[in-house]
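*Asks:* structural data only, the sequence is not supplied:
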Ligand SMILES: C[S@@+](CC[C@H](N)C(=O)[O-])C[C@H]1O[C@@H](n2cnc3c(N)ncnc32)[C@H](O)[C@@H]1O
């Protein structure tokens, strides 16, 4: 008996099962497999928003994050090219990444898309270092296919006011009454990581993103009934946010365990709404 062949067969039958189960659901299609292969099956100019959190490249000590840097960047360039093909004209694309490799990804994005924002999500917990400052940031690159985003709801990006560089009293002393909520800028300091926030527990995926973070992007950069794609779906956070906000969703994930977590989270959400 040849175990790798067996594993492949098992995977193929899981892929087939996932396809069948999803065929019936037109608002949400979850695909098990390698996004580079599966993206080829998505028609040109059919997606309103690509929102994705790919592997970080040797940041996390997990199999799916171990790469040779150049191979990783080649792979990401192929994903970016496919994303451009399937995005509608003026559609938006958001890609998460960590410093320093996100600098290289932004250079790839510059070749194919128009730059809009480099957003920094300032997290609560930092990564430890000994001879330099620790880092508690994650980057989100926002680009568009075409000059102007087809959708951007600035008014939906309000965040609780942050008193950057001072505190509330400084504003009051200046004779101003500070507003509680302001339009978000490109530094987001109001969202806690999953596992730290008492509001959101981990589903078992090591890098699950907070729903609040993904909601902000989905509400700003898409409309009701728009089609959102996440080619590195992980535990399905983008899918949950998309469906909550009445968008349609396609998610691709290569790892069968994570795929099941995503399916479970999305089905839990659907069952709740049926009550
Ligand atoms: C950073 S995680 C995404 C986490 C996700 N945002 C969440 O909230 O759960 C990246 C995911 O990409 C998946 N992945 C890695 N290579 C892939 C590929 N070629 N095709 C599809 N998924 C892949 C990994 O298994 C992992 O779950």
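*Replies:* The structure has been received and is ready for your questions. All of these numbers come straight from a predicted model, not from anything done at the bench. Numbering: from 1, shown residues only.
*Asks:* make it CA atoms for all contacts and neighbour counts henceforth
*Replies:* Will do.
*Asks:* residue contacts, residue 148?
*Replies:* Residues near residue 148 by C-alpha atoms under 8 Å, 6 or more residues apart in numbering: residue 90.
*Asks:* got the confidence number for residue 128?
*Replies:* Turning to residue 128, the model gives it a pLDDT of 80.
*Asks:* next to the ligand, which bits of this protein? Give me the list.
*Replies:* 33-35, 53-55, 64, 205, 207-209, 231-237, 252-255, 258 (C-alpha under 6 Å from any ligand atom).
*Asks:* now the buried members of those residues.
*Replies:* 33, 35, 53-55, 207-209, 231-237, 252-255, 258 (16 or more other C-alpha atoms under 10 Å).
*Asks:* among those, which are located in strands?
*Replies:* Judged by DSSP state E, strands contain the following of these: 252, 253.
*Asks:* give me the neighbour count for residue 230.
*Replies:* Using other C-alpha atoms under 10 Å as the criterion, residue 230 is surrounded by 26 other residues.
*Asks:* going forward, the N-terminal residue is numbered 25.
*Replies:* Got it, first residue is 25 now, which makes that one residue 254.
*Asks:* quick one: it and residue 72, what's the gap?
*Replies:* 11 Å (C-alpha to C-alpha, to the nearest Å).
*Asks:* and residue 230, by the same measure?
*Replies:* On the measure of C-alpha to C-alpha, residue 230 and residue 72 end up 28 Å apart.
*Asks:* the more surrounded of the two?
*Replies:* Neighbour tally, residue 230 and residue 72, criterion other C-alpha under 10 Å: the higher count belongs to residue 72, 25 against 15.
*Asks:* just checking, what packs against the helix or strand hosting the more buried one?
*Replies:* Applying DSSP states H and E as the criterion places residue 72 in strand 71-76. Judged by 3 or more C-alpha pairs under 8 Å, 6 or more residues apart in numbering; DSSP states H and E, strand 71-76 is in contact with strand 111-121, strand 251-254.
*Asks:* out of the ones you listed, which one sits most buried?
*Replies:* Mean neighbours per residue, mean count of other C-alpha atoms under 10 Å, is largest over the helices and strands packed on strand 71-76 for strand 251-254, with a mean of 26.
*Asks:* can you list contacts of that strand?
*Replies:* 70-77, 262-263, 266, 271-276.
*Asks:* list buried residues within these.
*Replies:* By 16+ other C-alpha under 10 Å, these give 70-77, 262-263, 266, 271-276 as buried.
*Asks:* just confirm residue 123 is within a strand.
*Replies:* No - looking at residue 123 with DSSP: H, G, I helix; E, B strand; the rest coil, it is coil, so not inside a strand.
*Asks:* give me the number of residues near it?
*Replies:* Count around residue 123 with other C-alpha under 10 Å applied: 14.
*Asks:* does it really touch residue 163, like I thought?
*Replies:* Yes - with contacts counted by C-alpha atoms under 8 Å, residue 123 reaches residue 163, the gap being 7.4 Å.
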